[in-house]
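Q: quick one, structure for this:
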Amino acid sequence: MKLSKYEQETIINFNVAESDAVVFTRDKAVIRKLDSLVNDFPEVYKCIGETDIDKTYSMPKQYVSYRKPRRISEELKQKRREMISYINNK
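A: Residues are numbered from 1 along each chain as shown. Have a look, this model is predicted:
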C-alpha cells in the first residue's frame, strides 16, 4: 500500500511516570533506522508491534534527543567550499 507523504507520520509518545518512549511510524526511512537499532541493540530498542504499513517501537526515553541547530560561520562555509572544490578538481 502506498501512503501519501502526509500519511507517512512518526509519533513519539512518553510521559514523566514511565521510563520508556513509544515510537509509532509509517515512514520507511525511520523504520529502516529503528530496525537497524533493534538488530544492533536488542536489549535497548524493541519492535513491539507491526502491520503491513507501520511499526511500533519501544526505547528508553533518554534516547529521544533535542538538539540545537548547528551554526557555521560564513568564513568556515567558504573554507569548506574551497576545500571541496580543491578535492574535486584533483
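Q: tell me which element Y57 falls in.
A: strand 55-60 (DSSP states H and E).
Q: my bad, I84
A: I84 belongs to helix 74-88, assigned by DSSP H and E.
Q: ok now that helix, how far from the chain's centre?
A: 28 Å (Cα atoms, centre = their mean, to the nearest Å).
Q: again with stretch 4-20
A: Stretch 4-20 sits 12 Å away from the centroid of its parent chain (Cα atoms, centre = their mean).
Q: return it as PDB; C-alpha atoms alone will do.
A: The C-alpha trace of stretch 4-20 is given here as PDB (Å, rounded to 0.1, in the frame of the first residue of the first chain):
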ATOM      1  CA  SER A   4       1.000   9.900   0.800                       C
ATOM      2  CA  LYS A   5       3.800  11.900   2.400                       C
ATOM      3  CA  TYR A   6       1.300  13.300   4.800                       C
ATOM      4  CA  GLU A   7       0.300   9.800   5.900                       C
ATOM      5  CA  GLN A   8       4.000   8.800   6.500                       C
ATOM      6  CA  GLU A   9       4.000  10.100  10.000                       C
ATOM      7  CA  THR A  10       6.100   9.400  13.100                       C
ATOM      8  CA  ILE A  11       4.600   9.800  16.600                       C
ATOM      9  CA  ILE A  12       6.800   9.700  19.700                       C
ATOM     10  CA  ASN A  13       4.900   9.300  23.000                       C
ATOM     11  CA  PHE A  14       6.300   9.300  26.500                       C
ATOM     12  CA  ASN A  15       5.500  10.700  29.900                       C
ATOM     13  CA  VAL A  16       7.200  11.500  33.200                       C
ATOM     14  CA  ALA A  17       5.900   8.400  35.000                       C
ATOM     15  CA  GLU A  18       7.300   5.800  32.600                       C
ATOM     16  CA  SER A  19      11.000   5.200  31.600                       C
ATOM     17  CA  ASP A  20      10.200   4.200  28.000                       C
END
